[in-house]
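Peer 1: let me see the structure of the following:
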Amino acid sequence: MFIAFFEHLRAHANAWIIGTTIVFCTVVATVLTFLNGAVWMNYVVSYTIGVTCMSTQMFAHRHRPQGWNREAITVIAGIVGLVIALALGGTLGAFDPLYFFRVDMTGFVVGGAACFVACFLILLMGYIRDLEEQRDAARRDELDKERALAIAQLRTLQAQIEPHFLFNTLANLQSLITANPGLAKELLDALTQLFRVSLTYSRSTMGSIKEEMELVANYLNVQQIRLGERLHYDIQVQADLNEVELPPFIVQPLVENAIKHGIESASDAGQVLVDVHTEDATLRIQVTNSGNGISDEANAVGMGLANVRERIQSVYGSEAQLTIESITPTKTCVGLIIPFEAAGS
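Peer 2: This next block holds a predicted model:
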């Protein structure tokens, strides 16, 4: 309750200062009127002193010289404001700038009280603002630490995802060098391009869907050269999603998993479909294979999938999900569901 009240004070500080000053001046003028009956003098002088002291304080704090503390400025502005207020009040109330300095000392009492109230309010608002800024700074530090930890975890988990296909690809390349030199060169070129894209991409803390799909396309190109007609693939991305942020190497392990458990082990040709779209205010990334499907055992022990799940939850929170759905005995869909706002859209 108090925190909410302080936040309200901070958000409407000037309104509170002006309102409190006017109420205080009205009360003082009313009391003095009951005592001496000088309506014009009491109200004009009271409001003049209150508004002048308040304005002087607000101006002084807004233009406070660097290195001057709040308390010193408050005292100096209070004295200056009081002198100006008494001179102005005397001029308006009695047509004599020195009236409250030599005729009626009541002005000192009223002015001193008004000055005290203005100083108190200014200092109070300043302290509240300091507390809020300290709390905001602590909150930012905490968020920065959490983000740094998440990035560190992300890099650690990212490093664990090894290109398992590399050994098979090199073995294929070795056999093709003598059997089919042209295809061997094509495979080597595709592998070189994949590593070039992968190296550039791996240096980023955050990538985009466009960059991730470029990596996936190069990876699938290598696999298609390796597997020939046994692999067909298609990549479909909703047009407005290319620039949405995505952690690097978040989809490639899903595709690798589909190739390893769904296509390579199948006796017939299979297809891998990568589909990126939005649905129900979430970003959906689905990798479907129609080879052998993916067994439950593979799901349970696959380090790639486990790492992907940990990575998306370290970046997007517990609402991010990795789902596995067996559509048919030979067709499996592995998907990522990320809240669209969290995805940096």
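Peer 1: so who does His232 touch?
Peer 2: The neighbourhood of His232, defined by CB atoms under 8 Å, 6 or more residues apart in numbering, consists of Gln224, Ala269, Gly270, Gln271, Val272. Every C-beta, even on glycine, is put in place using the N, C-alpha and C of the backbone.
Peer 1: just the buried residues of these.
Peer 2: Among these, the ones that count as buried by 16 or more other CB atoms under 10 Å are Gln224, Gly270, Gln271, Val272.
Peer 1: right, and the last one touches Thr288 too?
Peer 2: Yes - here Val272 lies in contact with Thr288, judged by CB atoms under 8 Å, at a distance of 7.2 Å.
Peer 1: show me whatever sits in contact with both of these two.
Peer 2: With CB under 8 Å, 6+ apart as the test, Val272 and Thr288 both reach Ala258.
Peer 1: could you list the low-pLDDT ranges of the stretch 51-200 of the chain?
Peer 2: Within the stretch 51-200 of the chain, the ranges that satisfy pLDDT under 70 run 103-112, 114-115, 118, 126, 128, 146-147, 149-165.
Peer 1: mark out where each domain of this protein begins and ends.
Peer 2: By the assignment in automatic domain parsing, the chain contains the domains 2-143, 161-339.
Peer 1: could you pull up the residues touching Val39?
Peer 2: Thr33.
Peer 1: quick check: the gap between it and Thr56.
Peer 2: 26 Å (CB to CB, to the nearest Å).
Peer 1: what's the answer for Leu124, then?
Peer 2: 17 Å.
Peer 1: ok, the two, which is more surrounded?
Peer 2: More crowded of Leu124 and Thr56, by other CB atoms under 10 Å: Thr56, with 23 against 16.
Peer 1: that one reaches Leu88, doesn't it?
Peer 2: No - the pair Thr56 / Leu88 is not scored as a contact, 11.0 Å apart, by CB under 8 Å.
Peer 1: can you show me the helices along this structure?
Peer 2: 2-11, 13-36, 39-62, 70-94, 99-102, 106-160, 165-179, 181-202, 209-227, 252-258, 296-301, 303-316 (DSSP state H).
Peer 1: make a markdown table out of those helices and add distance to Gln238.
Peer 2: Formatted as a markdown table, those follow (distance: least, CB to CB, whole Å):
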| stretch | distance to Gln238 |
| --- | --- |
| helix 2-11 | 40 |
| helix 13-36 | 46 |
| helix 39-62 | 50 |
| helix 70-94 | 54 |
| helix 99-102 | 75 |
| helix 106-160 | 25 |
| helix 165-179 | 28 |
| helix 181-202 | 21 |
| helix 209-227 | 9 |
| helix 252-258 | 17 |
| helix 296-301 | 27 |
| helix 303-316 | 19 |
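Peer 1: okay, those, which one's buried deepest?
Peer 2: The highest average neighbour count among the helices of the chain, using mean count of other CB atoms under 10 Å, belongs to helix 252-258 at a mean of 25.
Peer 1: and that helix, what's its mean pLDDT?
Peer 2: Helix 252-258 shows a mean pLDDT of 87.
Peer 1: what helices or strands is that helix leaning on?
Peer 2: With contacts taken as 3 or more CB pairs under 8 Å, 6 or more residues apart in numbering; DSSP states H and E, helix 252-258 sits against helix 209-227, strand 270-279, strand 282-289, helix 303-316, strand 331-339.
Peer 1: run the last query once more with 10 Å
Peer 2: Under the contact definition 3 or more CB pairs under 10 Å, 6 or more residues apart in numbering; DSSP states H and E, helix 252-258 sits against helix 181-202, helix 209-227, strand 231-237, strand 270-279, strand 282-289, helix 303-316, strand 321-328, strand 331-339.
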